[in-house]
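Visitor: pasting the structure only:
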Ligand code: SF4
Ligand code: SF4
Ligand code: SF4
């Protein structure tokens, strides 16, 4: 044992001390790894996906009357303002796309998409954003620290910050999760362009519409069935989805990419610590050479 | 006593006063920012929720990577002849991280709840992990620096006890650094919709980690030269040459990975076809990697103080540009939204904090045994005294 102490500097972090500490930290990490696995599992609890609360927005039926905007403002007590994007006082907004030559046009209702695997939820460092077991993605304004990572992470640019406040909060649509009748916007829509229901049934309904009118709808596809891992706000449109501001995300959820990186963290920590420890012990014997040679230059 | 203080103040170099004024001004603006909110004092917006402060944080953490790189080389790889650089570098790292913590605090819309990081964990969040690692690692840096601060005080009896655990602490620090240096890159993986494809990559964590090794070493090299001007103390050129020897290898791996990743994901064509983004990316490659690789591959450069310093500045500039690109310049604008430009108050706070770093470094260098080791280096027998412990 004594032979292990560093001969040049007389360090005596004995191997036993050292291993004790290394061992303790590795155990801590293992516990962290287990609990983080649990956290993931519990966030997936809840109703099966088909029964999640959801909305179907059929852009071809929407006439752009904006009554949904007004209903949302009324129900959520939001001030009137003149904006052309979601904001601290605007949880939903209807925008019209008109092609350059004017032959093609479509409406789009912007609001939180209530993603199946939301980036905002995965990113928030303090878990102020959560996905409820029945679908809505909701925000706890007492927990948020205002780092605005959710705004960066959301691929649809949904979370807005109330910049006018000295102590601002994130504001966004919560699918009216605590309103017994369901979303105020859907209730108000005079044309039935906005339908509230169960996710599975709404996808079914959307597909029936496509089947009745083949080729009316872009790619004969429901946006949100799979896009970005799926959403609870489903969209049908006659024009390409990109033209009404829906990003091409592929079918994998964004957090699944990041999760690959974050899930290796506990292992990486233990790995680096272990590697460093073994290098520490191994290189001890060589250090005299290293010192007197004067290195690699 | 009073006279002594006045004399001491008179004796200070002039730039100390300039720094102190910048700190005071930045501090005043900072207090106003906390009082008035982000909307009134920054140009951050929905389209640009993060601005120059985050770019600064990323750059500073990367540069401060010198502290963990060097600690690993000295304490874990037993390269004791690099020991003379430890104290100045650990101090630079500690001050760097402190400035990051202050700016992060400024950046929180609800700074009054900063402690929520501790009590509402989201273990899946890369940002949660980064903030924890930075906080823990800063404490380790305080620990690593404590012998310097205690040496000439009545608590110096604690030093041998502290030093007994230096090696495990260093290993914990290296592991924490590996994690947060790379996780800072992970932060941007989720932003695939906005970040230009030249930068966006699944390898971002690895890019961030490797480049932090390079910029950290470069900071030690450049710092050694600057401290010769300011303190008339420096590291032996032989040592600087030894550090410089690592750079072409690290930067070479970085360069190959960066281009290789673009090739594999079929994004190489963006290299010359993306206008402003191409210019930014190629600047990183040429000034931050290719030029310093060529420079530090040559023995004459490694053994010349001035040439080493110029090379080191290229490396640091390249890495800083990379962090600014990933968090600001290469975030593609949204239609109909004006691109972000920092508010003067954002800049004033930043300048204040950065001046604070230089001021603290100067003062600590003046009053604490920061450069003691620089003398001892020619007698390797005594050099590693810092970790000497009771037998
Ligand atoms: S649309 Fe954005 S804010 Fe809404 S759940 Fe998805 S990621 Fe979160
Ligand atoms: S701004 Fe608030 S809700 Fe958004 S990620 Fe940060 S802490 Fe979470
Ligand atoms: S679901 Fe509720 S909060 Fe969301 S847009 Fe509709 S009315 Fe507004």
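Guide: Arrived safely, thanks for sending. Just so it is clear, the model here is predicted, and its values are computed rather than measured. Ligands and ions are numbered 1, 2, ... in the order given.
Visitor: does residue A:63 sit in a helix, a strand or a coil?
Guide: coil (DSSP: H, G, I helix; E, B strand; the rest coil).
Visitor: just checking, it touches residue A:191?
Guide: Yes. Between residue A:63 and residue A:191 there is a contact under C-beta atoms under 8 Å: 5.7 Å. Where C-beta positions appear, they are placed from N, C-alpha and C, glycine not excepted.
Visitor: now for residue A:192, how many residues are close by?
Guide: 11 (other C-beta atoms under 10 Å in any protein chain shown).
Visitor: equivalent analysis for residue B:65, please.
Guide: Look at residue B:65: counted by other C-beta under 10 Å, it has 28 neighbours.
Visitor: residue contacts, it?
Guide: Neighbouring residues of residue B:65 by C-beta atoms under 8 Å, 6 or more residues apart in numbering or on different chains: B:93, B:177, B:181, B:212, B:213, B:215, B:216, B:219.
Visitor: ok, and the closest non-adjacent residue to the second one?
Guide: It stands for residue B:177. When the adjacent residues along the chain are set aside, residue B:177 lies closest to residue B:68, with 3.7 Å between them (C-beta to C-beta, 6 or more residues apart in numbering or on different chains).
Visitor: low-confidence stretches in chain B?
Guide: For chain B, residues meeting the criterion pLDDT under 70 lie at B:372-391.
Visitor: residue of it closest to ligand 1, please.
Guide: When distances are taken as C-beta to the nearest ligand atom, chain B reaches nearest to ligand 1 at residue B:190, 9.5 Å away.
Visitor: these two touch, right, that residue and residue A:256?
Guide: No. Between residue B:190 and residue A:256 there is no contact, the gap being 10.1 Å when judged by C-beta under 8 Å.
Visitor: higher neighbour count, the two?
Guide: Each of residue B:190 and residue A:256 had its neighbours counted (other C-beta under 10 Å), and the higher figure belongs to residue B:190 (26 against 13).
Visitor: how about that one: what's its closest non-neighbour residue?
Guide: Counting by C-beta to C-beta, 6+ apart, residue A:153 is the residue found nearest to residue B:190 once chain neighbours are left out, at 4.6 Å.
Visitor: and stretch B:10-19, which residues are buried?
Guide: Buried positions in stretch B:10-19, judged by neighbour count with 16 or more other C-beta atoms under 10 Å in any protein chain shown: B:16, B:19.
Visitor: stretch A:235-249 too?
Guide: Of the residues in stretch A:235-249, A:235, A:236, A:237, A:238, A:239, A:241, A:243, A:244, A:246, A:249 count as buried by neighbour count, 16+ other C-beta under 10 Å.
Visitor: nearest to residue A:119, of these?
Guide: Closest to residue A:119 out of the buried residues of stretch A:235-249 is residue A:249 (10.0 Å), distances taken as C-beta to C-beta.
Visitor: just list the residues touching the closest one, thanks.
Guide: Residue A:249 is in contact with A:155, A:227, A:228, B:193, counting by C-beta under 8 Å, 6+ apart.
Visitor: tell me which residues touch the second one, please.
Guide: Residues counted as contacts of residue A:227 (C-beta under 8 Å, 6+ apart) are A:246, A:249, A:250, A:251.
Visitor: would you confirm that the last one contacts residue A:226?
Guide: Yes. Here residue A:251 reaches residue A:226: they are 4.4 Å apart, a contact under C-beta under 8 Å.
Visitor: neighbour count for these two, which is higher?
Guide: Under the neighbour definition other C-beta under 10 Å, residue A:251 and residue A:226 were set side by side, and residue A:226 has more, 16 against 10.
Visitor: which pLDDT value goes with that one?
Guide: What the model reports as pLDDT for residue A:226 is 95.
Visitor: re the thing from before, closest one of the contacts of residue B:65 to residue A:175?
Guide: Distances from residue A:175 to the contacts of residue B:65, taken as C-beta to C-beta, are shortest for residue B:181 (38.3 Å).
Visitor: that closest one: helix or strand, and which one exactly?
Guide: Secondary structure from DSSP states H and E places residue B:181 in helix B:166-186.
Visitor: which strands or helices does that helix pack on?
Guide: The criterion is 3 or more C-beta pairs under 8 Å, 6 or more residues apart in numbering or on different chains; DSSP states H and E, and the helices and strands that helix B:166-186 contacts are helix A:15-43, helix A:254-263, helix A:265-283, helix B:52-63, helix B:65-71, helix B:126-150, helix B:204-231.
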